[in-house]
Structures are given as structure tokens and as C-alpha cells.
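K.L.:
my questions concern the predicted model and sequence given below.
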Amino acid sequence: MSSLSVLILCGKSPRHLYVVNRLCASSRPVAIVQEARGQWRPKKVLTTMRPDRLWSKASRWLRDRRRYADGAEARFFFGAEEPRLVREDLLTTVSHINRPEVVALAERLRPDVIAVFGTSLIRSALLGKGRFGVYSTTRSRNKSAARCMSSMPGSIPAD
């Protein structure tokens, strides 16, 4: 096991729980912050209803619906077991990953690395909080965020 302290920022799907559990087994997690999406504000509704966004969301739902049908994703990662975190004692749930309490948690814990996957776009307040950087398993479509993430040591270069 690595002695690196890791702050984990993630979503709630079975694939995210699987990655969290693997990180917990191979590093020293200091906190797990899960983003619990679902707060619909007027601005978000208007943005989502734009034709380009609506088509993007609908096509993604159509493409991915088999993954979630009948718990297929959960079975793939966890077999017959119920998907769960191995370190629920470290869990904090927030409505949005860029909340001030998440930034404060990162400042207080001062992790070596921040691992990010399955969340909304990370804003600049969190990007500088990991001693060795912020590492993401996904590539951002937001070019400025991708450039910022790729400038950190060990990250995947932006397109």
C-alpha cells in the first residue's frame, strides 16, 4: 500500500464505488466526498432544455441505459454482492463537488493527491489543493479545465 494520502471526489454509481474501493486498498484515503446530484434550480432547467444540451442528455441516456438496466453495472463490478464502500467511515455527501465545505475539507486535510471521477466539473478553488496535484480518470470537454488538469504532474495530456 502506498503512503500517499488521497482525498477522493466521486459519484455514486457502482463503477465509482468500485474505483473508490480499489483506491482505498492501495493508498491512504483521508476522505471520500460523494456528489449527490439532483438539485434542479431554474438556471439548470433552462440550460438543460437548450436543444443541444437536451439532445446530448437524451442520447447519452439512450446509449447507457443498458448499463444500468437490471443492475448490470453493479453485477459487473460487485458480482452477487451489494455495491458498497469499504470505508464508509470516511464518507461525506455533498450536493455539488465545488461547495465551500469541500474546499475547506481539502485545506484542512492537506492530501498528497486528489483523485476525481464521476463528478461535475472541478473549479479552480479545488485544483490547487492536492500537494502533488489533482488526478482525473476522465478527459474534460472543457478545454481550459483540461489544460489545467494536464499541467499537473502525472496527468493525461489534453487534446
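P.N.:
In hand now; what should we look at?
K.L.:
Phe132: neighbour count?
P.N.:
14 (other C-beta atoms under 10 Å). To be clear about C-beta, it is placed using only N, CA and C from the backbone, and glycine gets the same treatment.
K.L.:
and it, how far from Val19?
P.N.:
19 Å (C-beta to C-beta, to the nearest Å).
K.L.:
list phi and psi for Gly11.
P.N.:
phi -90, psi -170 (degrees, to the nearest 10).
K.L.:
can you show me the strands along the protein?
P.N.:
5-10, 28-35, 91-94, 113-117, 134-136 (DSSP state E).
K.L.:
let's have the ones you listed in JSON lines, adding distance to Val45 and mean pLDDT.
P.N.:
Below are the strands of the chain laid out as JSON lines (distance: least, C-beta to C-beta, whole Å; pLDDT from 0 to 100):
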{"stretch": "strand 5-10", "distance to Val45": "25", "mean pLDDT": "94"}
{"stretch": "strand 28-35", "distance to Val45": "19", "mean pLDDT": "95"}
{"stretch": "strand 91-94", "distance to Val45": "21", "mean pLDDT": "94"}
{"stretch": "strand 113-117", "distance to Val45": "26", "mean pLDDT": "92"}
{"stretch": "strand 134-136", "distance to Val45": "27", "mean pLDDT": "86"}
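K.L.:
put together TSV for those strands, with distance to Ala106 on each row.
P.N.:
As requested, these are exported to TSV (distance: least, C-beta to C-beta, whole Å):
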stretch	distance to Ala106
strand 5-10	6
strand 28-35	8
strand 91-94	11
strand 113-117	7
strand 134-136	10
